[in-house]
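# Okay, structure incoming, though there's no sequence with it:
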């Protein structure tokens with residue numbers, strides 16, 4: 001059987017950092033959607049306070065994913081090289 005040196009192997013040519021960008025976008029989108037639903041429960045607050053609740057929920061969910069879930073439970077390092 002003859003082998004060819006011109007075979008395309010995606011893992012070698014696809015940038016590794018793209019997976020981090022995809023994960024970041026998914027986590028940010030899910031955090032925003034959950035925060036929007038949680039903020040709806042605080043209808044009696046002023047609009048400015050609702051913004052603080054929204055951003056606090058978004059930050060909490062986002063931080064929980066990267067620090068608690070990804071760091072301690074999944075044991076995947078965040079800012080290290082391969």
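That came through, no problem. Keep in mind that what you see is a predicted model, and the values were worked out from it rather than measured.
# CA only for contacts and neighbour counts going forward, please
Noted.
# Do a quick rundown of the helices in the chain.
In the chain, the helices defined using DSSP state H lie at 10-13, 17-39, 47-63.
# check contacts around residue 39.
50, 53, 54 (Cα atoms under 8 Å, 6 or more residues apart in numbering).
# do you know how far it is from residue 24?
22 Å (Cα to Cα, to the nearest Å).
# same question, residue 55
Distance from residue 55 to residue 24, by Cα to Cα: 17 Å.
# Looking at these two, which has the bigger crowd around it?
residue 55 (17 against 14; other Cα atoms under 10 Å).
# on that earlier part again, most neighbours per residue, which of the helices of the chain?
Most buried of those, by mean neighbour count (mean count of other Cα atoms under 10 Å): helix 47-63, with a mean of 16.
# can you list the weak-confidence ranges in this structure?
1-5, 7-14, 78-82 (pLDDT under 70).
# before we move on, the earlier item: same list (the contacts of residue 39) but as TSV, adding distance to residue 63.
Shown next, in TSV, are the contacts of residue 39 (distance: Cα to Cα, whole Å):
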residue	distance to residue 63
50	20
53	15
54	14
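# ok, the residues you listed vs residue 70, which is closest?
Taking Cα to Cα as the measure, residue 54 is the one of the contacts of residue 39 closest to residue 70, at 22.5 Å.
# and that closest one, what is it in contact with?
35, 36, 38, 39.
# before we move on, what about residue 27?
62, 65.
# Kindly report the same for residue 57.
Taking Cα under 8 Å, 6+ apart, one finds 31, 35, 38 in contact with residue 57.
# Equivalent analysis for residue 36, please.
residue 54.
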